[in-house]
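predicted model follows, preceded by the sequence.
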Amino acid sequence: MSDRPLTRNIDMRREPFNLQQYRQAEGYGAVLRMLREQAPADVLETVKNSGLKGRGGAGFPTGLKWSFVPTGEGAPKTKYLVVNADEMEPGTFKDRLLMEGDPHLLIEGMIIAAYTIQASTAYIFLRGEYLRAEKLLRQAIAEAREAGLLGPNIQGSGFSLEIILHTSAGRYICGEETALLNALEGKRANPRAKPPFPQVSGLWGKPTIVNNVETICNLPGIVRYGIDWYKKLGKGADAGTKLCGVSGRVKNPGCWELPLGTPIRELLEERAGGMSDGYALRAFLPGGGSTDFLLPEHLDLTLDYDVIGKAGSRLATGTMIILDDQTCPVGMVGNLMRFFSHESCGWCTPCRDGLPWVDAIFQRLERGEGRHEDLDILTEHLTYLGPGRTFCALAPGAMAPLGSALKHFREDFEAHIGSGGCPWPK
Amino acid sequence: MSSQIIASSASTVVARALSEQERHEIDHELTLYPDKRAVGLEALKIVQKHQGWVSDESLHAVANYLEMSAHELDGVATFFNLIFRQPVGRRVMLFCDSVSCYIMGCDRIKAHISKRLGIDYGETTADGEYTLIPVPCLGDCDRAPVMLMDGEQQRNLTPEKIDALLSRTDAAKTDAADKGDA
């Protein structure tokens, strides 16, 4: 048993485990026992009771998500599992670690998920730039298939599964699960209306589960060691561990597997080594570019979905981006706004027209052409691009850092107006 | 610019013949999806791998092969960052300009590349060697600033590192020219 079930096999200084090494480290043992001894409904119950929440950003309970897939006699025969490996949230670099570090863990998790919903085809939707992950996953899939762990009638269990690796070609919106399904069907990656939810009508109209890489990688441990073990991994209210990253001006940027419930201070000061010499902490985004800024006073909060939520932000991807005291906060948020504006798919009007407007205001502020009313216009966008006003979560996500920046860094915004632009040294 | 787009879409484009290798690779993808249209993006990537970019002639060839409209396929081609509908240099620099790279000073690195090569985002050097394109977060934020070039992730970029990378490729070019196989 390991208290780091996601990364116990990972050592980035060497090649990842091949099939033989992975099996020597207890890999695929639990999944084969599951195929022999457990019904899909039993596994669903286990995952539900484990408390696993989706690790892609939204934090939705995984077992509950799966339970919406129709089962039984009248259910469609064809169902799909899709793994969202389109990691593109600004400042997020955790799924890369899992796929490059231990590709067989993802495959084992996929067998568990596919078996539970009785899908015989699974796609990995991988971002096109992750070339090393592509190579390693192709190797691992071929090895697993060769050994009869994938393919028809796996180890005589009567369950069949093919895993197909799809490589994309950019665009952040593909991370939104319905946009991802459109992309996988060969269409422009615009999001779909919900309902119907993908669990009922997803890929090619069939019941489909879309799960993040890290979520899937939690499954082998849960099936192998059980829910009591899994729950005890977490230190607080949430079960399990989480990949947590830190980037920005810190001594030792990186990504670590920590128990949920670990204090943020421990992540920043012990793992990431604290701020780089000569820099002080001003604020941080706790879970990627679509989260609200938190402040140094929040460092003693724990990495729990609800705890971070109550503080007004989101744990989301768990990868922190540090704003230091020598980086212009307006410049940092402007960079994010440019990203979201560029990555808007153009499907709905508030996002397509609102984000470029926001971006244009930030460029004016930078050039010294900002006006006081610009800050009011930015504030209005928080409402018009907020939750419930747009087709998907992209624009509301963009408003999270913007709204919290307007609150916490008001004086920095003001300083850009009537002073010839950004006052920070470049 | 807009008149050019209208002119080009109104003119009759003759699809080129796909090579045997291209057809072979597309046929493999067709076995993995339940309908032909789903293979559109993969087929465009295959063509781009062999041709360097996706010309109108290639686009029409793929559309014919997949029995879909060229306009519909172009809608897909133009949606995705990594499908090039214009010729690009032999070496495409996919430069991350997202937030962690911004904090770690990627603007300075980009300015250095632009100065050395005389190109801005979306441009190609006169000798057809380099194209510089910004890309969304490359997911290597603990080693920012980063870029992806020739299939290799280049991390912790500094102006000196850019110089070393560029002179290495320059040297390789000179070597190849000396051996007469440039």
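That came through, no problem. Note that this is a predicted model, so its numbers are computed, not measured.

ok, the residue positioned nearest the centre of chain A to chain B distance?
Nearest residue to the geometric centre of chain A (C-alpha atoms, centre = their mean): A:Gly56, 2.6 Å. Distance, A:Gly56 to chain B, using C-beta to the nearest C-beta, to the nearest Å: 14 Å. C-beta coordinates here come from the backbone N, C-alpha and C atoms, glycine included.

which per-residue confidence value corresponds to that residue?
What the model reports as pLDDT for A:Gly56 is 90.

could you find the closest non-adjacent residue to it?
Once flanking residues are discounted, A:Gly56 sits nearest to A:Asn212: 3.1 Å by C-beta to C-beta, 6 or more residues apart in numbering or on different chains.

so that neighbour touches A:Asn84, yeah?
Yes. The pair A:Asn212 / A:Asn84 is scored as a contact, 5.0 Å apart, by C-beta atoms under 8 Å.

list residues touching both of the two?
A:Gly56 (C-beta atoms under 8 Å, 6 or more residues apart in numbering or on different chains).

confidence score at A:Trp424?
88.

now it: how far from A:Val358?
20 Å (C-beta to C-beta, to the nearest Å).

so how many other residues sit close to the residue nearest to A:Gly56?
Neighbourhood size, A:Asn212 [other C-beta atoms under 10 Å in any protein chain shown]: 25.

how near is it to chain B?
13 Å.

try A:Glu45
For A:Glu45 relative to chain B (C-beta to the nearest C-beta), the value is 31 Å.

show me the contacts for that residue.
A:Gly63.

how about it, secondary structure?
helix (DSSP: H, G, I helix; E, B strand; the rest coil).

before we move on, the earlier item: of A:Trp424 and A:Val358, which one has the most company?
Taking neighbours as other C-beta under 10 Å, A:Trp424 and A:Val358 compare with A:Val358 leading, 26 against 14.

not counting its neighbours along the chain, what's nearest that one?
Residue nearest to A:Val358 in three dimensions, not counting chain neighbours: A:Met337, with 5.0 Å by C-beta to C-beta, 6+ apart.

which stretch of helix or strand covers the one you found?
Using DSSP states H and E, A:Met337 falls within helix A:329-343.

domain parsing for the chain?
Unless you meant another one, I'm taking chain A. A:19-232, A:234-324, A:329-415 (automatic domain parsing).

I was thinking of chain B, sorry if that wasn't clear
B:2-77, B:91-178.

in the stretch 301-426 of chain A, what residue comes closest to chain B?
Closest to chain B within the stretch 301-426 of chain A is A:Asn335: 4.3 Å, counting by C-beta to the nearest C-beta.

please disregard the earlier target; I meant the stretch 151-300 of chain A.
In the stretch 151-300 of chain A, no residue comes nearer to chain B than A:Gly170, which is 2.9 Å away by C-beta to the nearest C-beta.

nearest spatial neighbour of that residue, skipping sequence neighbours?
Per C-beta to C-beta, 6+ apart, closest to A:Gly170 is B:Asn81, 2.9 Å.

ok, now which ones touch that neighbour?
A:169-171, B:133, B:135-136.

hmm, 7 Å instead?
A:169-171, B:135 (C-beta atoms under 7 Å, 6 or more residues apart in numbering or on different chains).

coming back round to it: would JSON lines of the domains of chain A with distance to B:Leu59 be doable?
Below are the domains of chain A laid out as JSON lines (distance: least, C-beta to C-beta, whole Å):
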{"stretch": "domain A:19-232", "distance to B:Leu59": "14"}
{"stretch": "domain A:234-324", "distance to B:Leu59": "33"}
{"stretch": "domain A:329-415", "distance to B:Leu59": "21"}
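
element containing whatever residue of chain B ends up closest to chain A?
Closest to chain A within chain B is B:Asn81: 2.9 Å, counting by C-beta to the nearest C-beta. Per DSSP H and E, B:Asn81 falls between elements, in no helix or strand.

phi first, then psi, for it.
With angles defined as degrees, to the nearest 10, B:Asn81 shows backbone torsions of phi -60, psi -40.

next, the angle from the next helix or strand after the helix holding A:Met337 to helix A:329-343.
As assigned by DSSP H and E, the chain's next helix or strand after helix A:329-343 is helix A:349-367. Relative orientation of helix A:349-367 versus helix A:329-343 (axes from the mean of the first three to the mean of the last three C-alpha atoms, to 10 degrees): 140 degrees.

buried stuff in helix A:349-367?
A:350-352, A:354-359, A:361-362, A:364-366 (16 or more other C-beta atoms under 10 Å in any protein chain shown).

I'd like those residues laid out as a markdown table, including pLDDT.
Listed next are the buried residues of helix A:349-367 as a markdown table, based on pLDDT from 0 to 100:
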| residue | pLDDT |
| --- | --- |
| A:Pro350 | 96 |
| A:Cys351 | 97 |
| A:Arg352 | 97 |
| A:Gly354 | 97 |
| A:Leu355 | 98 |
| A:Pro356 | 98 |
| A:Trp357 | 98 |
| A:Val358 | 98 |
| A:Asp359 | 98 |
| A:Ile361 | 97 |
| A:Phe362 | 97 |
| A:Arg364 | 95 |
| A:Leu365 | 95 |
| A:Glu366 | 94 |
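
tally of neighbours for A:Met1?
Count around A:Met1 with other C-beta under 10 Å applied: 10.

distance of it from chain B?
28 Å.

close enough to count as contact, that residue and A:Arg224?
No. Applying C-beta atoms under 7 Å, one finds A:Met1 not in contact with A:Arg224, separated by 8.6 Å.

next to chain B, which bits of chain A? Give me the list.
A:87-93, A:96, A:128-129, A:131, A:164, A:169-172, A:184-189, A:204, A:245, A:247-249, A:253-255, A:289, A:321, A:327, A:332, A:335-336, A:339, A:343 (C-beta under 7 Å from any C-beta of the partner chain).

surely A:Met88 is in a helix?
No. Looking at A:Met88 with three-state DSSP, it is coil, so not inside a helix.

which ones are touching residue 34?
Assuming you mean chain A. Neighbours of A:Met34 in contact, by C-beta under 7 Å, 6+ apart: A:43, A:112, A:115, A:223.

oops, wrong one, chain B.
A:Trp204.
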